[in-house]
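# Could you work out the structure for the sequence below:
(2 chains)
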Amino acid sequence: KQEVTQIPAALSVPEGENLVLNCSFTDSAIYNLQWFRQDPGKGLTSLLLIQSSQREQTSGRLNASLDKSSGRSTLYIAASQPGDSATYLCALLYGNKLVFGAGTILRVKS
Amino acid sequence: DTEVTQTPKHLVMGMTNKKSLKCEQHMGHRAMYWYKQKAKKPPELMFVYSYEKLSINESVPSRFSPECPNSSLLNLHLHALQPEDSALYLCASSLGEGGYNEQFFGPGTRLTVL
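Numbers count the residues shown, from 1 in each chain, chains lettered A, B, ... in the order given. From the prediction side, this is the model:
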């Protein structure tokens, strides 16, 4: 059974800091890994998708890496802004299901 | 059109009411999903449709009844719900089911059962 853990559960940083969110999983037999952002009471916005054969993906200030052998992914956010405040969810496509972590609540203070 | 739309945005219903949630996509995706998300929890899969046929039912109570009338439209019919069914209901779609297919999510319907 696939289990996904996200650390830390919550993070509060001053504006401008670079930060790393962590996601770990127990079974490396995944098709892909998605990082999502969710604002309070809203739907999920897909930030980055890493296929199982890839090591990283970049979009603007975001960089996500994937190490299947160690069961880990990281989301790096450069030069954080107050608008980055949200919950960040890691999800694995495992079999034909998307398995989510519990999320990291990020607050960027101005 | 690269988005998934959901209506209504908010829904309040009594335990004896019958209501429906609607989800649409026009990206040519052939897999569509319903998820339920309780406050401060990650989404939980409820149903998967692939090529308009029910592929996965995650042991969801029969008071939730999904329907996929065509490849662009997914409904969730609600009847005799309980207050604990209050949650954010999210719809998603992907090009195909499983495999390497990225899922795209709608904005959700906030359901409150009184």
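# Near chain B, which residues of chain A? Just list them.
A:31-32, A:34, A:36, A:41-46, A:49, A:51-52, A:89, A:91, A:93, A:95-98, A:100-103 (Cβ under 8 Å from any Cβ of the partner chain). (C-beta placed from N, C-alpha, C; glycine too.)
# how about 10 Å then?
A:4, A:6, A:31-32, A:34, A:36, A:38, A:40-46, A:49, A:51-53, A:87, A:89-91, A:93-103, A:105 (Cβ under 10 Å from any Cβ of the partner chain).
# Give me the below-cutoff pLDDT ranges for chain A.
Flagging of chain A using pLDDT under 70 yields an empty set of residue ranges.
# And the residue of it that's closest to chain B?
Residue of chain A nearest chain B, by Cβ to the nearest Cβ: residue A:96 (3.0 Å).
# who's in contact with the residue lying closest to that residue once chain neighbours are set aside?
Residue nearest to residue A:96 in three dimensions, not counting chain neighbours: residue B:98, with 3.0 Å by Cβ to Cβ, 6 or more residues apart in numbering or on different chains. Each residue near residue B:98 by Cβ atoms under 10 Å, 6 or more residues apart in numbering or on different chains is listed here: A:31, A:93-98, B:31, B:48, B:50, B:55-56.
# name the element residue B:98 belongs to?
According to DSSP states H and E, residue B:98 maps onto no helix or strand at all.
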